[in-house]
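Colleague: Based on what follows, work out the 3D shape:
(chains A and B)
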Amino acid sequence: MRRIIYIVEKEFKQIFRNKMMKPILFLMPLIQLAVLSYTADFTVKNIRIYIQDQDMASVSSRLINKIEASDNFILSGVSFTYEEGFNNIQKNDIDVILSIPEHFSRNYNSRRPTSLYITADAINSTKAGISTNYLQHIIQDFQIEEVQKRGITVKPGIEVITRNWYNPALDYKFFMVPGILVLLVTMISLFLSGMNIVREKEVGTIEQLNVTPIKKYQFIIGKLLPFLIIGLIEFTIGLVVALFWFKVPFLGSIAVVYLFTFVYLILILGMGMFISTITDTQQQALFLSWFFSVIFILMSGLFTPIESMPGWAQKITWLNPIKYYVEVIRLIMLKGSSFSSVRINFLIITFSAVLVNLLAIRNYRKTA
Amino acid sequence: MKTFFAFIRKEFKHIFRDKRTLIILFGMPIVQIILFGFAITTEINNADISFLDLSHDSYSLKLKNKISASGYFHIDDELNTYSDIEKSFSKGKSKLTVVVGENFGTDLINSKDAKIEIITDASDPNTANILSNYLSAIIRDFTIESGALPPPNLVIHSQMLYNPENKSVFMFVPGVMTIILMLVSAMMTSITIAREKELGTMEILLVSPLKPIVIIIGKVIPYMVLSIVNAMTILLLGLFVFHIPMNGSYPLLFAEIILFILSSLILGLLISTVSNSQQTAMLISMMGLMLPTILLSGFIFPVSSMPAILQYISNIIPAKWFIVIIKSIMLKGAGFGTIAFETYVIAFITLILVILTIKKFKIRLE
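Modeller: This next block holds a predicted model:
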């Protein structure tokens, strides 16, 4: 036991002796959490629209006014020809063109079939889809208004009521903040532990540790504990920011979240240790941990939904610890799920944590 | 000049001696591009939803079949009462519940406003929003088909320019290419000087007659070569695996790629000169670069929707400009004229990075 404490003490001293480490470990993640959470928002606003108006009559100008008045669109120009709008799309100056054909107002007023044409820059597919959808909604509302002006009440046929549970205001931050928090804690822990043993190898101090009577498991535990403590502190600070700055609801049990975080950190640190034992230089360890963390992050369902991935990619995500943890923290915080609904995730994380740490202990050789 | 070449040869030897690093460096982008190119998408197909039918008549059945047949939804769970909704959401699988109100069919025929409730699991607001939009469109069609509403006399046609099927591949693959290229390049140089400092060989370099600028150039050139190889692999994957069309000019594309690589390599060097150990260099280049580049470059989330201050900040991220450049050249076939501004911005950022690196480069060790 005393040996472990000595190792822990040594690690803490080594980490904080480096003056750059404190801000990197605590300030950088917090700033990122506070700032970047505002960026992760799929809402499409400020759509720049160009209108090609070949009609230039009463109905078309009322339609243009309605579009101009909507919050989502910015009208960047109106012209008679299509070319001008198209050139603007080419230059990335606008996102959508709405074309109103000749005699639109006349046909519309006399109820003859008529059309409107939307052209969207579909390179950004999400934005194109959503902008087209918004525009269609505006046009439909416009039609209803036009009919109502004549004093006729319109029946929708089917009345659709939409309710958004758990997050009625569709605030993306509720969804993203817990995820980004998970991510930052993961990266710090993985990089710190991944670089650790290999650093001693590269600098040569590992030999000094090897000749001490310390046991392999004591060594790994001693290396793991300081980072576990740093990770938990980091998580706690981040959680405070999430709850009090972003006002993310916390419906479930805090104890369950901490239990998960604890096991999860052991898993991530074990992975770092494992990387550290199989590499020779910090550079290699760095690249390997980078490689895995980018994959884990982008395939965790944090930014883009796992359900959208092809089947084989979804299977790969089963090996992704971040996925399980992000799922759990979102379920517990936002939906108040109980431990039993996330039991499987807990078992998977615990099992992998044990496995990875055993591997790391086995792989660490006390002989050079 | 001779010392300069000797220096470059030394750098190359350093790089090629470490075979494991080389494998990682070249293998990593390939694996990542393939994985992310396929996996990162926001298209939604076959989303699991629950269906609560309080009416059980021929119309509600027709609606249910129409929803299943749309390809967007998979009815995973049929519920019996309202209280089941909560349960099906807390398991985390179902994204949305459709509730068909009582007397749906009779209300519909007698045009008495039949009722449908769409309850979304909005803990994921994006999916919730998209799904409820899809569903509303299906219900609108259904209303017209069932004869409850006259067909509209105004038809809206929409055309998806450059991407007729509106596939998200065109949006994400250029972004993935940019991010990987930038991060790998910056990471490679970010530890070179820090490594020499840590291993003590920096002193030897400093007492040699090499000027700081020569050391910097000598550090950049070998990694430039590696990054170009990486860029070519990434480009080939984009063209042949993801079938990104190439409508523009190759020389222009290559020139832009080299400029972008240069900016990333210099950024890495700057990190390397300001940090005192490989560990800090690494933490800065990964923690400091990864998330901001992914999030502020507009690669996944649209920059135009961000708060104004963040939109300003995003301007200093070279990746943001490069994504625009690569999409314009490859997908829109744009010439230099349309992307001149973006190019100048990257060149300007690179210049500032070069100046900062030279200023921060210490010729004395503490």
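Colleague: For stretch A:130-144, buried residues please.
Modeller: Buried residues in stretch A:130-144, defined by neighbour count with 16 or more other CB atoms under 10 Å in any protein chain shown: A:Ile130, A:Ser131, A:Thr132, A:Asn133, A:Tyr134, A:Leu135, A:Gln136, A:Ile138, A:Ile139, A:Phe142, A:Gln143. (Glycine included, C-beta is placed from N, CA and C.)
Colleague: Need these in TSV (columns: secondary structure, pLDDT and distance to chain B).
Modeller: As requested, these are exported to TSV (DSSP: H, G, I helix; E, B strand; the rest coil; pLDDT from 0 to 100; distance: CB to the nearest CB, whole Å):
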residue	secondary structure	pLDDT	distance to chain B
A:Ile130	helix	84	8
A:Ser131	helix	87	10
A:Thr132	helix	88	5
A:Asn133	helix	85	6
A:Tyr134	helix	87	9
A:Leu135	helix	89	8
A:Gln136	helix	87	6
A:Ile138	helix	89	10
A:Ile139	helix	88	6
A:Phe142	helix	88	9
A:Gln143	helix	84	6
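Colleague: so which two of these are the farthest from each other?
Modeller: For the buried residues of stretch A:130-144, the farthest-apart pair by CB to CB is A:Ile130 and A:Gln143; their separation is 20.5 Å.
Colleague: about what we covered before: specify which member of the buried residues of stretch A:130-144 is nearest to A:Thr119.
Modeller: Using CB to CB, A:Thr132 comes nearest to A:Thr119 of the buried residues of stretch A:130-144, at 9.5 Å.
Colleague: which residues sit in contact with the closest one?
Modeller: Going by CB atoms under 8 Å, 6 or more residues apart in numbering or on different chains, A:Thr132 touches A:Val96, A:Ile118, A:Ala120, B:Ser158.
Colleague: Which of those ranks first by neighbour count?
Modeller: Neighbour count (other CB atoms under 10 Å in any protein chain shown) singles out A:Ala120 as the most crowded of the contacts of A:Thr132, with 28 neighbours.
Colleague: For chain B, see how far away that residue is.
Modeller: Separation of A:Ala120 from chain B (CB to the nearest CB, to the nearest Å): 6 Å.
Colleague: That residue - nearest residue in space that isn't next to it in sequence?
Modeller: Distance criterion CB to CB, 6 or more residues apart in numbering or on different chains; nearest residue to A:Ala120, sequence neighbours excluded, is A:Ala128 at 4.0 Å.
Colleague: Nearest to A:Ser189 among the buried residues of stretch A:130-144?
Modeller: Of these, the one sitting nearest to A:Ser189 (CB to CB) turns out to be A:Ile130, at 36.5 Å.
Colleague: Tell me, how many residues neighbour the residue lying closest to the closest one once chain neighbours are set aside?
Modeller: Nearest residue to A:Ile130, sequence neighbours excluded (CB to CB, 6+ apart): A:Val44, at 4.4 Å. For A:Val44, the neighbour count with other CB under 10 Å is 21.
Colleague: Against which helices or strands is the worst-scoring helix or strand of chain B on mean pLDDT packed?
Modeller: Lowest mean confidence among the helices and strands of chain B (mean pLDDT, DSSP states H and E): strand B:154-161, at a mean of 80. For strand B:154-161, the packing partners by 3 or more CB pairs under 8 Å, 6 or more residues apart in numbering or on different chains; DSSP states H and E come out as strand A:114-121, helix A:125-149.
Colleague: now the farthest one out in the chain, which residue is it?
Modeller: I went with chain A, as the question did not name one. A:Ser110 (50.4 Å; CA atoms, centre = their mean).
Colleague: if you could check chain B rather than the one you did, that'd help
Modeller: What lies farthest from the middle of chain B is B:Asn110; by CA atoms, centre = their mean that is 50.2 Å.
Colleague: what's the spacing between that residue and chain A?
Modeller: From B:Asn110 over to chain A (counting by CB to the nearest CB), the distance is 11 Å.
Colleague: Just give me the neighbour total for the residue of the stretch 1-150 of chain A with the smallest separation from chain B.
Modeller: Closest contact between the stretch 1-150 of chain A and chain B, by CB to the nearest CB, is at A:Ala122 (3.5 Å). Using other CB under 10 Å, A:Ala122 has 27 other residues around it.
Colleague: Please apply the same query to the one 4 residues further on.
Modeller: When neighbours are counted by other CB under 10 Å, A:Thr126 registers 23.
Colleague: Does it touch A:Phe42 like I think?
Modeller: Yes: counting by CB atoms under 8 Å, A:Thr126 does reach A:Phe42; the two are 6.8 Å apart.
Colleague: tell me the domain boundaries of chain A?
Modeller: Following the assignment in automatic domain parsing, chain A carries domains at A:2-40+A:170-363, A:47-149.
Colleague: Format those domains as JSON lines; extra columns: distance to B:Ile44.
Modeller: JSON lines is the format used below for the domains of chain A (distance: least, CB to CB, whole Å):
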{"stretch": "domain A:2-40+A:170-363", "distance to B:Ile44": "6"}
{"stretch": "domain A:47-149", "distance to B:Ile44": "10"}
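Colleague: if we compare those domains, which one ends up closest to B:Ile339?
Modeller: Of the domains of chain A, the one closest to B:Ile339 (CB to CB) turns out to be domain A:47-149, at 8.9 Å.
Colleague: circling back to that earlier point, anything in contact with each of A:Thr126 and A:Phe42?
Modeller: Taking CB under 8 Å, 6+ apart as the contact rule, A:Thr126 and A:Phe42 both touch B:Thr42, B:Pro302.
Colleague: thinking B:Thr41 is in contact with A:Thr304, fair?
Modeller: Yes: with contact defined as CB under 8 Å, B:Thr41 and A:Thr304 form a contacting pair (6.3 Å).
Colleague: Contacts for the least confident helix or strand of chain B next, please.
Modeller: A:89, A:108, A:113-122, A:125, A:128, A:132, A:135-136, A:139, A:143, B:166.
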